[in-house]
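> Okay, predicted coordinates and the sequence, questions at the end:
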Amino acid sequence: MEYWGSGCYSTADRALVGRWLDSEVGEEMIEVMLLSCTAGIGACGAGDPPVQVTPDIAAEPPRITVFHNAVVHTLDADGSTHEAIAVRDGAIIAVGTNRQALKAAVAAGGGQQPEMTDLDGRTVLPGFHDSHTHILEASSPLVNCALSFTGGPQAQTFRLRACANRPSVTGWVAGFGWDFTTFIESGQNPLAAIDSAIDSMPAVMLEATSHATWVNSVALALLGIDEDTPDPEGGIIGRDSNGAPNGLLIDNAGDLAWEVALARTPQVDEQTYEGLLFGLARLARNGITSIADARVYWTRGYHEAYLRAEQEKLLTARVVMGLWAYPQLEDETQLATLTGLYSNDPNRLVRASQVKVYSDGITQNTTARTLDPYIIDYGFDTPFGLNYFSEDRLTTYIETLEKVGFDFHIHAIGAGGVNEALNAIERSGLSNPGLGDRRHRLTHVESVDPDDLPRFAALDVIADVQLAGAFTAPDAIEAEQQLFLGADIDALALPVRSLVDAGAMLTLSSDFDVSSMNPFVGIHNAVNRSRESLSLDEALRAYTINAAYLMRQEDRTGSLELGKRADFIVVDQDPYTVNPAQLRNIRVLLTVFDGAEVYRSNDF
């Protein structure tokens, strides 16, 4: 095998780098080439023969790229900013000046010419981590009927009739997007409305927050739900004044319907996989290079879709799967199954190292667990909300599975749900005192009792908050709390500032597709809130290095530092210099994952 690997270049070789001659980095490139000659890295001369490399030591040359002429915000501990990054086979080998990055690149390649990418003054940031997303669910082609968020049941019928012509491969008509409060306030009969549009096949429609499901009579019959069916664990069957099901299935009652509607078949598995690949492309466009999937339904094979993408080398993001804990399953069997699914090899792109469990529901349904009774009564007999998992049961799951290695991703919206989840983590810690580094987190934390704020830091519990949706301003959340709980409640609404000031580790995430996937929307809202706001640096770290810590990969990614994997983005404006009111308008131009380009804007 012949290989031009001497690292020495004659005057004629300068033609190879002619495109750099008019730039500072071009001059540096030639200087480094000449330095490599004088340093004895090989023989020099225009007529030198190629170096002979024996087959046993021959190898593909490393891929080395220098991204230069940039503003590189590393988000390292010092918050340093540099000009360039050098990458060798997916790893960062230098972050510094143009000259430093170039010299490191040439040295790492034994003198071979690196690829050069001129960023022309653009800004580089670490790749975003979305530590709470439902990208696989939200991208599924199995759910293809889009309803209106603003209309009541009767207003949806024209959309439903159109959707009846395109059932999924399951034979169910499946959709999403209606609003629970609008339905309740309309006073209309949900079952009569959906039956008038779809009466010959089962129909199942997910509410916009995913905490309620609207079904027709055919679906109710297939599910075996009638006036004598008791409410399931963590769920409520909506009923009319006579006690008959009214087509609304609240919280886990709706989840049970989806288990049937999306039951696994080879065709369903294939469409699930196609949805995942589509979702990965959406992530790349938004600069997201790591995710924690917040609801991996293992009975539906979602974990296998991720593993297949990894095997087929189609993943463009690092993935931590949050295996779903089903309220309706028997504990001994479920705990054993989850234990068998655990994986946490840091060298792999997919890990099954988190368990996703719901403590409570949501405020709009009066199912979020509260410390104060609801003043609105939907007839659900939930004056303080409900539990998917009680505090005692949650404690048992944490005690058992954290010894396996699992971190817990606990949905807790109401102040009561937050309190009970913190109690469960505290109790399990007392039972497992030798475990050390625990990284459990509560997600949403929309309402927090002031007495619970310091417990996050004391128990090493991460607060994972979503600020990219419609209800991001404190007055909006407070208005909702006052509407459902009264004006005298003490709990704080989305208290991100108070949590940080109390010493809590904070992450920001999307909860896509309940909220916008775009991290810059969440960052914009975090910085521009009238109260409980964050600094820009705090918000950026909450989407990068803090979330990398949550995913136990802060030593590999989350900041741009020597030895870490090259996960980064190029954006069209510098968030540190742009008007804060324009943060949401920053666009991703290039996404690099593990050193490889996975998205490039047409404008780049």
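In hand now; what should we look at?
> now stretch 108-124: mean pLDDT?
Averaged across stretch 108-124, the pLDDT comes to 93.
> do stretch 585-594 as well
Averaging pLDDT along stretch 585-594 gives 98.
> Give the next helix or strand downstream of the strand or helix carrying residue 184.
Residue 184 is part of helix 180-186, with elements assigned from DSSP states H and E. Tracing the chain C-terminally past helix 180-186 and defining elements by DSSP H and E, one meets helix 190-197 next.
> Show me the contact partners of that next one.
For helix 190-197, the external contacting residues (Cβ atoms under 8 Å, 6 or more residues apart in numbering) are 152-154, 156-158, 160-161, 164, 183, 203, 205, 214-217, 220, 238, 240, 245-248. C-beta: built from backbone N, CA, C; applies to glycine.
> From those, list just the buried residues.
152-153, 156-157, 160, 164, 183, 203, 205, 214-217, 220, 238, 240, 245-248 (16 or more other Cβ atoms under 10 Å).
> Angles on the backbone of the closest residue to residue 100 other than its chain neighbours, please.
Spatially, and ignoring its direct neighbours in sequence, residue 100 is nearest to residue 94 (5.8 Å; Cβ to Cβ, 6 or more residues apart in numbering). When read as degrees, to the nearest 10, the backbone of residue 94 gives phi -170, psi 140.
> Then residue 585?
phi -90, psi 0.
> Next, count neighbours for it.
Residue 585 has 13 neighbouring residues, counting by other Cβ atoms under 10 Å.
> Over to the one 5 residues further on?
By the criterion of other Cβ under 10 Å, residue 590 has 21 neighbours.
> cool, the one 3 residues further on as well?
When counting by other Cβ under 10 Å, one arrives at 27 neighbours for residue 593.
> and it, bridged to which residues?
For residue 593, the beta-bridge partners are residue 596 (DSSP bridges).
> Does it touch residue 317 like I think?
Yes. The pair residue 593 and residue 317 qualifies as a contact (Cβ atoms under 8 Å) at a distance of 6.6 Å.
> what is in contact with the two at once?
By Cβ under 8 Å, 6+ apart, the residues touching both residue 593 and residue 317 are 284, 289.
> so where is the stretch 351-500 of the chain shaky, pLDDT-wise?
471-473 (pLDDT under 70).
> Which parts of it are strands?
Using DSSP state E, counting those that start in this stretch, the strands of the stretch 351-500 of the chain run over 407-412, 441-444, 447-448, 462-466, 492-493.
> tell me, what residue is most central in the chain?
Nearest to the mean C-alpha position of the chain, by Cα atoms, centre = their mean, lies residue 130 at 3.0 Å.
> State the distance from that one to residue 293.
9 Å (Cβ to Cβ, to the nearest Å).
> mind listing the strands for the stretch 101-250 of the chain?
Under DSSP E, counting those that start in this stretch, the stretch 101-250 of the chain gives strands at 115-118, 123-126, 128-133, 145-146, 173-178, 203-207, 212-215, 235-239, 245-251.
> helices or strands next to the last one in the packing?
Where contact means 3 or more Cβ pairs under 8 Å, 6 or more residues apart in numbering; DSSP states H and E, strand 245-251 is packed against helix 190-197, strand 212-215, helix 217-223, strand 235-239.
> What ranges does the stretch 501-604 of the chain have for its strands?
Along the stretch 501-604 of the chain, counting by DSSP E, counting those that start in this stretch, strands occupy 506-509, 568-571, 588-593, 596-600.
> I'd like the ones you listed as JSON lines, with distance to residue 380 appended.
Converted to JSON lines, those look like this (distance: least, Cβ to Cβ, whole Å):
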{"stretch": "strand 506-509", "distance to residue 380": "29"}
{"stretch": "strand 568-571", "distance to residue 380": "44"}
{"stretch": "strand 588-593", "distance to residue 380": "43"}
{"stretch": "strand 596-600", "distance to residue 380": "44"}
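> Would you map the helices across the stretch 351-500 of the chain?
Assigned by DSSP state H, counting those that start in this stretch, the stretch 351-500 of the chain shows helices spanning 391-401, 415-431, 453-458, 474-485, 496-501.
> Pick the most buried one from these.
helix 415-431 (a mean of 22; mean count of other Cβ atoms under 10 Å).
> now that helix against helix 391-401, angle please.
Inter-element angle recorded for helix 415-431 and helix 391-401: 40 degrees (by axes from the mean of the first three to the mean of the last three Cα atoms, to 10 degrees).
> Quick one: residues in contact with helix 415-431.
So helix 415-431 is contacted by 359-360, 368-372, 384-385, 387, 390-391, 394-395, 398-399, 402, 408, 410-412, 435, 438, 440, 442, 445, 447-449, 452, 455-456, 459, 461, 489, 491 (Cβ under 8 Å, 6+ apart).
> Buried subset of those as a ChimeraX selection?
Buried residues among these (16+ other Cβ under 10 Å), as a ChimeraX selection:
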select :359,360,368,369,370,371,372,384,385,387,390,391,394,395,398,399,402,408,410,411,412,438,440,442,445,447,448,449,452,455,456,461,489,491
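> got CSV for the strands of the stretch 101-250 of the chain, with distance to residue 298 too?
Rendered in CSV, the data for the strands of the stretch 101-250 of the chain read as follows (distance: least, Cβ to Cβ, whole Å):
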stretch, distance to residue 298
strand 115-118, 40
strand 123-126, 30
strand 128-133, 17
strand 145-146, 26
strand 173-178, 20
strand 203-207, 19
strand 212-215, 20
strand 235-239, 19
strand 245-251, 20
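> Compare those strands and report which one is nearest to residue 521.
strand 128-133 (11.6 Å; Cβ to Cβ).
> how about the closest one: buried residues?
For strand 128-133, by 16+ other Cβ under 10 Å, it's 128-133.
> from those, which two are the most distant?
Using Cβ to Cβ, the pair of the buried residues of strand 128-133 lying farthest apart is 128 and 132, separated by 12.4 Å.
> Could you say which one of the helices of the stretch 351-500 of the chain comes nearest to residue 285?
Across these, closest to residue 285 is helix 496-501 (Cβ to Cβ), at 26.3 Å.
> Can you get me a residue count around residue 162?
Residues near residue 162, counting by other Cβ under 10 Å, number 12.
> again, but for residue 337
Residue 337 has 14 nearby residues by other Cβ under 10 Å.
> Could you find the closest non-adjacent residue to residue 545?
Counting by Cβ to Cβ, 6+ apart, residue 558 is the residue found nearest to residue 545 once chain neighbours are left out, at 4.0 Å.
> With residue 542 instead?
Closest to residue 542 by Cβ to Cβ, 6+ apart is residue 508, at 4.1 Å.
> Looks like that neighbour contacts residue 540 (just checking).
No. Applying Cβ under 8 Å, one finds residue 508 not in contact with residue 540, separated by 9.2 Å.
> between those two, which one's more packed in?
When residue 508 and residue 540 are compared for neighbours, residue 508 comes out ahead with 31 against 26, by other Cβ under 10 Å.
> ok, which stretches of the stretch 51-200 of the chain are helices?
Using DSSP H, counting those that start in this stretch, helices in the stretch 51-200 of the chain cover 98-108, 135-138, 157-163, 180-186, 190-197.
> Looking at the ones you listed, which is nearest to residue 83?
Per Cβ to Cβ, nearest to residue 83 of the helices of the stretch 51-200 of the chain: helix 98-108, 5.0 Å.
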